[in-house]
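In: Test case, fold it:
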Amino acid sequence: MVIEELKDHQNIIQKVIDTLAPDIEKACDMITTAIKNGNKVLVAGNGGSAADAQHIAAELSGRFVKDRKALPGIALTTDTSALTSIANDYGYEYVFSRQLEALAQPGDLFIGISTSGNSQGVLNAFKTAKAINCNTLGLSGRDGGQMNGLCDLNIIIPSTITARIQEMHILIGHILCKAVDDLF
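Out: I've put the predicted structure just below:
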């Protein structure tokens, strides 16, 4: 079982290398441009994708590898008062879009993470981000879902297995953070 899991992971990494490296480089350009221009990076997702959003934001505001100044990475998944009040008053599908409406500025980067590409809360957040003139980056899987039509760039992991998709999302998140570290 262990070897089978590792080989499955290895196969997905090879597919990502073969097909997605140019898109990951574009994503690196998106995040470094936002940071160089003094903008924020706002990140959101549900469940495991929420954990990935928090991880990416923490690497920006804390540090990834090298000591550098703290950067504005904000996970929209962490403020329980905002999440629960928005869900109660407007519906769960608006927990990220309402926060973007309050926090985002033109030129900021919104990263939405959804393994299916169809999470309604993330989809609504993309719509709000575009209305504010934020740049938008999606991390999805399967066929990219509805995120395909809502993102400036949607990196679609070529798998239907949630665990493999999430593993690649955090790898891409680390690559993005490395690109930011390289600015300093």
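In: Parallel or antiparallel, which strands does the helix or strand harbouring F110 pair with?
Out: If you go by DSSP states H and E, F110 is part of strand 109-113. Looking at strand 109-113 with DSSP bridges, its partner strands are strand 41-45 (parallel), strand 135-141 (parallel).
In: CSV for these, including mean neighbour count and mean pLDDT?
Out: For the C-beta atoms, the positions are set from N, CA and C on the backbone; glycine is no exception. Shown next, in CSV, are the strands paired with strand 109-113 (neighbours: other Cβ atoms under 10 Å; pLDDT from 0 to 100):
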stretch, mean neighbour count, mean pLDDT
strand 41-45, 29, 98
strand 135-141, 26, 98
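In: so where do the helices sit in this structure?
Out: 2-36, 48-61, 80-89, 95-103, 120-132, 162-181 (DSSP state H).
In: To L71, which of those lies closest?
Out: helix 48-61 (4.4 Å; Cβ to Cβ).
In: tell me the angle that closest one makes with helix 162-181.
Out: 10 degrees (axes from the mean of the first three to the mean of the last three Cα atoms, to 10 degrees).
In: so who does the most centrally placed residue in the chain touch?
Out: In the chain, the centroid-proximal residue (Cα atoms, centre = their mean) is I111; its distance is 3.6 Å. Counting by Cβ atoms under 8 Å, 6 or more residues apart in numbering, I111 makes contact with I31, V41, L42, V43, A44, A53, I56, T136, L137, G138, L139.
In: Could you report the separation of the first one from A87?
Out: Between I31 and A87 the distance is 28 Å, computed by Cβ to Cβ, to the nearest Å.
In: what does the fifth one give?
Out: In this structure, A44 lies at 13 Å from A87, with Cβ to Cβ as the measure.
In: Where does pLDDT dip in this structure?
Out: Of all residues in the chain, none has pLDDT under 70.
In: Let me know how buried S159 is, in neighbour terms.
Out: Other residues lying near S159 total 20 when counted by other Cβ atoms under 10 Å.
In: Correction: the previous question concerned Q146.
Out: 18.
In: Could you pull out the buried residues of the strand holding F110?
Out: Using 16 or more other Cβ atoms under 10 Å as the test for burial, strand 109-113 gives L109, F110, I111, G112, I113.
In: Tell me the one among the residues you listed nearest to N124.
Out: Looking across those and measuring by Cβ to Cβ, the closest to N124 is G112, at 9.7 Å.
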